[in-house]
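Undergrad: structure of the sequence below:
(one chain, ligands or ions: 1)
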Amino acid sequence: MPETSIGNAWRRASQRIGRLDARLLLERVRGCSHADLIAHPERSMTEDEASRFEALVSRRAAGEPLAYLLGSAWFGGLEFAVGPAVLIPRPETELLVDLAARRARTLEKPRIADLGTGSGCVAVLLALRCPQADVTAVDISAAALEVARANAARHGAAVRFLEGDWYAPLAGERFDLIVSNPPYVADGDPHLGMNGLPFEPRQALTDGVAGGDGLGCIRRIAAPAARHLEPGGWLLMEHGYDQAAKTRKLLSEAGFREIASWRDGAGIERVSGGQRPPDVDCLPAA
Ligand SMILES: C[S@@+](CC[C@H](N)C(=O)[O-])C[C@H]1O[C@@H](n2cnc3c(N)ncnc32)[C@H](O)[C@@H]1O
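TA: Predicted coordinates:
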């Protein structure tokens with residue numbers, strides 16, 4: 001086999017970053033399928049392909065997430081474009097979408113808001129699964145919204161995208177359902193230095209409060225939520241593995257009823273939510 005054959009490049013890269021990641025990067029560089037790699041390991045790579053592959057393997061070896069190198073990630077059975085401006089969608093967030101879709105399907109023409117939309121994965125999936133819904137997505141990052149808009153267009157999802165700080169672009173608006181996967185890692189948490197997190201946008205991961213409990217954004221979403229919900233409307237928020245009890249307390253302080261938490265596929269309480277009481281005027285001031 002020639003030195004620059006696909007087979008040799010794959011074998012050498014596998015020793016550095018593992019067989020699967022090496023394969024996926026090689027397929028991306030060659031624009032070929034897994035079957036092509038298996039069937040023709042003797043085929044030569046061009047100099048350009050070899051150097052592009054080597055650069056990607058080195059970035060992966062330095063800890064950069066595979067999804068950023070491939071430029072996409074899968075969520076809810078769909079492929080979403082991702083880049084350094086957005087959080088890579090996590091499988092556990094599908095619970096938030098499933099719970100929201102279940103509620104939305106019981107309503108005729110629900111208005112749904114997705115706060116902190118990032119890649120748009122939650123909003124796009126909800127718009128596709130509940131075509132009768134009117135979906136609005138908010139993010140403070142203009143760069144993230146650009147990615148989200150492209151993802152909505154790619155999947156033909158009708159979503160209204162707004163830039164701003166949580167409810168700021170939603171003044172005077174009410175929804176039947178507010179969903180959010182907000183940043184919830186405490187600033188200074190050692191996990192921020194692990195598992196590719198240093199490559200993801202800090203603004204998508206933490207509430208920016210040094211030494212805090214990571215719940216700053218959840219507080220800011222929960223407190224005024226009832227004023228943006230129709231009577232009987234629901235707020236559903238994803239949170240950290242150890243934040244369910246505190247999130248339920250925040251929902252209770254914000255006047256919510258029917259408060260509950262739901263477990264993800266790993267058995268961890270991952271989403272908490274509650275229902276807006278009929279009379280908002282009796283709620284504590286936001
Ligand atoms: C954890 S990411 C979630 C992204 C996406 N919804 C998902 O589940 O993959 C949180 C998102 O909230 C956005 N964000 C952070 N602070 C915000 C704020 N004050 N107002 C609106 N969005 C904010 C970030 O830019 C980021 O896209």
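Undergrad: can you give me the helices in the stretch 101-250 of the chain?
TA: Along the stretch 101-250 of the chain, the segments classed as helices by DSSP state H, counting those that start in this stretch run 121-129, 142-155, 202-205, 216-222, 244-253.
Undergrad: so which residues make contact with the shortest one?
TA: Meaning helix 202-205. Helix 202-205 has contacts (C-beta atoms under 8 Å, 6 or more residues apart in numbering) with 86-87, 116, 118, 140-141, 144, 183, 185, 192, 197, 208. To be clear about C-beta, it is placed using only N, CA and C from the backbone, and glycine gets the same treatment.
Undergrad: any idea how far residue 132 is from residue 106?
TA: 11 Å (C-beta to C-beta, to the nearest Å).
Undergrad: get me the contact residues on this structure for the ligand.
TA: 86-87, 89, 93, 116-119, 121-122, 138-141, 144, 165-166, 181-183, 203-204 (C-beta under 6 Å from any ligand atom).
Undergrad: could I have the buried ones of these as ChimeraX selection syntax?
TA: Selection of buried members from the residues of the chain next to the ligand for ChimeraX, criterion 16 or more other C-beta atoms under 10 Å:
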select :86,87,89,93,116,117,118,119,121,122,138,139,140,141,144,166,181,182,183,203,204
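Undergrad: now, the residues of the chain next to the ligand that are in strands?
TA: Here DSSP state E is the test, and the residues of the chain next to the ligand give 138-139 as lying in strands.
Undergrad: who are the contact partners of the residue nearest to residue 120 when sequence neighbours are not counted?
TA: Leaving aside its chain neighbours, residue 120 sits nearest to residue 148 (3.0 Å; criterion: C-beta to C-beta, 6 or more residues apart in numbering). Taking C-beta under 8 Å, 6+ apart, we find residue 148 in contact with 86, 117-120, 123-124, 137, 139, 159, 161.
Undergrad: now do residue 25
TA: 13, 17, 53, 56-57, 60, 66, 69-70.
Undergrad: and residue 22, by the same measure?
TA: Listed by C-beta under 8 Å, 6+ apart, the contact partners of residue 22 are 10, 13-14, 16, 57.
Undergrad: now the residue most central in space within the chain. Nearest residue, chain neighbours left out?
TA: In the chain, the centroid-proximal residue (C-alpha atoms, centre = their mean) is residue 89; its distance is 3.5 Å. Distances taken as C-beta to C-beta, 6+ apart place residue 75 nearest to residue 89, at 3.8 Å, with adjacent residues excluded.
Undergrad: go on, residue 231?
TA: Computed as C-beta to C-beta, 6+ apart, the closest residue to residue 231 that is not its neighbour in sequence is residue 278, at 4.5 Å.
Undergrad: can you report how many residues neighbour that neighbour?
TA: 10 (other C-beta atoms under 10 Å).
Undergrad: mind checking how far it is from residue 172?
TA: Distance, residue 278 to residue 172, by C-beta to C-beta: 20 Å.
Undergrad: from what I can see residue 142 touches residue 161, true?
TA: No - with contact defined as C-beta atoms under 8 Å, residue 142 does not count as touching residue 161 (10.2 Å).
Undergrad: of those two, who's got more company?
TA: residue 161 (20 against 9).
Undergrad: what's opposite the more buried one in the beta bridge?
TA: Beta-bridge pairing for residue 161 (DSSP bridges): residue 137.
Undergrad: residue 88 - how many residues pack around it?
TA: By the measure other C-beta under 10 Å, the count of residues near residue 88 is 22.
Undergrad: tally of neighbours for the spatially closest residue to it that is not a sequence neighbour?
TA: Of all residues not flanking residue 88 in the chain, residue 67 sits nearest, at 4.5 Å (C-beta to C-beta, 6+ apart). A count of nearby residues for residue 67, using other C-beta under 10 Å, gives 22.
Undergrad: shouldn't residue 67 be in contact with residue 80?
TA: No - using C-beta under 8 Å, residue 67 is not in contact with residue 80; the gap is 9.1 Å.
Undergrad: overlap of the contact sets of these two?
TA: In terms of C-beta under 8 Å, 6+ apart, residue 67 and residue 80 are both contacted by the residues residue 73.
Undergrad: good, wrapping up.
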